[in-house]
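**Q** Give me coordinates for this.
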Amino acid sequence: MTGWLGAVLICLSGLGLGQLFAQGTRQRVRELEAWRTALLALASEVDFAAVPLGRALERAAAGARGGCRRALAAAAEALLREGCDAEAAWGRALALARAESPLGAEDLLPLADLAPALGRTGRADQLQHIAHSAGRIEARLASLREAAERDARLFAYLFALGALALAVALG
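**A** Numbering: from 1, shown residues only. Below is the predicted model of the structure:
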């Protein structure tokens, strides 16, 4: 009886380890969702509120979460209080995002491509660039969501089967 209980516990721990390994992809999805939402808020601030970019970034940061919030707040700080230009401030935000978030270079590419347009072009052009970046993030999110689902199943199966093999070998 205890042998079977041990085998079941080993298999369950294998499933748990599989879910733990898949968590990284899920975190990337959540962080990219935060960036997409923040870009939409930034577009709203630029378009409807028509405030300067530093204030727009500050307001977008207030509604954001996680690493995205800190990155946008750093960009706003650089623009409003340190006198950086928009591209340097956005670069600072991206550097912070790289350092503090699970996002990789490919995930951050739509945000990096936005840097030359922010604060240097007219409102309509900035809105177009922000919308384009948000669209590219949405496409990246779709592929990451699919990968997260696949990874969760794959790791769960691999670890459960590995644990089952260990239980059989020990039993």
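
**Q** Show the low-confidence segments of the protein, by residue range.
**A** 1-3, 7, 11, 14, 18, 171 (pLDDT under 70).

**Q** center of it - which residue?
**A** The centroid of the chain falls nearest to residue 31 when counting by CA atoms, centre = their mean (2.4 Å).

**Q** Can you verify my assumption that that residue contacts residue 69?
**A** No. In this structure, residue 31 is not within contact of residue 69 by CB atoms under 8 Å, at 10.8 Å. Yep, even glycine has a C-beta here, placed from its N, CA and C like the rest.

**Q** hmm, back to that, look up how far residue 165 lies from the residue nearest to the centre of the chain.
**A** 35 Å (CB to CB, to the nearest Å).

**Q** And for residue 83?
**A** 62 Å.

**Q** out of the two, which sits in the more crowded spot?
**A** Shown here are residue 83 and residue 165; by other CB atoms under 10 Å, residue 165 has more neighbours (13 against 9).

**Q** all helices for the protein, in order.
**A** For the chain, the helices defined by DSSP state H occupy 2-44, 53-63, 66-80, 86-100, 105-112, 123-170.

**Q** by how many degrees do the third one and helix 53-63 diverge?
**A** Spelled out, that is helix 66-80. Angle between the axes of helix 66-80 and helix 53-63 is 160 degrees (criterion: axes from the mean of the first three to the mean of the last three CA atoms, to 10 degrees).

**Q** can you check the first one too?
**A** Using the same axes, to 10 degrees, the inter-axis angle of helix 2-44 relative to helix 53-63 is 150 degrees.

**Q** So which elements touch helix 2-44?
**A** helix 53-63, helix 66-80, helix 105-112, helix 123-170 (3 or more CB pairs under 8 Å, 6 or more residues apart in numbering; DSSP states H and E).

**Q** and the gap between the closest residue to residue 63 other than its chain neighbours and residue 167?
**A** Excluding its sequence neighbours, the residue lying closest to residue 63 (CB to CB, 6 or more residues apart in numbering) is residue 41, at 5.2 Å. Distance, residue 41 to residue 167, by CB to CB: 50 Å.
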